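**Student:** Got a predicted structure plus its sequence, pasted below:
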Amino acid sequence: MERVNKMVAEKPVVIFSKSSCCISHTIKLLFRDFGVNSLVYELDEIPRSGDIEQALLRLGCNPSVPAVFIGGKFVGGANEIMSLHLQQSLKPMLKRAGALWV
């Protein structure tokens, strides 16, 4: 879990993904379309990423990707991100975290 905490502290928005996951791709595109420069970790490209996946599962992200952290806090997976977006709560959250300037 310490490894994940260090990783999510690097930028206002951190996304754990797998390069072969179409849902992860959609979430990454959503943030890119907002103009957010997210830090993306592709777990299938990181050696020994099993401990990261286990930590994400313990946080409640099932499946383990996509897992989105905003302002260092776990927000959720695709369902939670899309719900926040549809409720028009995602952009204000990104602004508060310093990830969105508009």
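**Tutor:** Happy to help now that I have it. Numbers count the residues shown, from 1 in each chain.
**Student:** Show me what the longest helix along the chain is in contact with.
**Tutor:** When the chain is parsed with DSSP state H, its longest helix is helix 22-34. For helix 22-34, the surrounding residues in contact (CB atoms under 8 Å, 6 or more residues apart in numbering) are 13, 15, 17-18, 38, 40, 65-66, 68, 78, 81, 85, 90-91, 94, 100. C-beta here means a position set from N, CA and C on the backbone, and glycine is covered the same way.
**Student:** Mind picking the lowest-pLDDT entry from those?
**Tutor:** Ranked by pLDDT, the contacts of helix 22-34 bottom out at Leu100 (86).
**Student:** before we move on, the earlier item: which of the contacts of helix 22-34 ranks first by neighbour count?
**Tutor:** Most neighbours among the contacts of helix 22-34, by other CB atoms under 10 Å: Val68, with 28 neighbours.
**Student:** Does that residue belong to a helix, a strand or coil?
**Tutor:** Counting by DSSP: H, G, I helix; E, B strand; the rest coil, the backbone at Val68 sits in strand.
**Student:** hang on, it packs against Lys11?
**Tutor:** No. Applying CB atoms under 8 Å, one finds Val68 not in contact with Lys11, separated by 11.9 Å.
**Student:** pLDDT weak spots in the chain?
**Tutor:** 102 (pLDDT under 70).
**Student:** can you give me the helices for it?
**Tutor:** Here the chain has its helices, by DSSP H, at 2-8, 22-34, 50-58, 78-86, 90-96.
**Student:** Reformat those as TSV; add distance to Gly72.
**Tutor:** Listed next are the helices of the chain as TSV, based on distance: least, CB to CB, whole Å:
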stretch	distance to Gly72
helix 2-8	5
helix 22-34	16
helix 50-58	14
helix 78-86	16
helix 90-96	12
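**Student:** Bridged to the residue nearest the centre of the chain, which residues?
**Tutor:** Against the mean C-alpha coordinate of the chain, by CA atoms, centre = their mean, the closest residue is Val68 at 1.9 Å. Judged by DSSP bridges, the bridge partners of Val68 are Ile15, Gly76.
**Student:** Fine, thanks again, bye for now.
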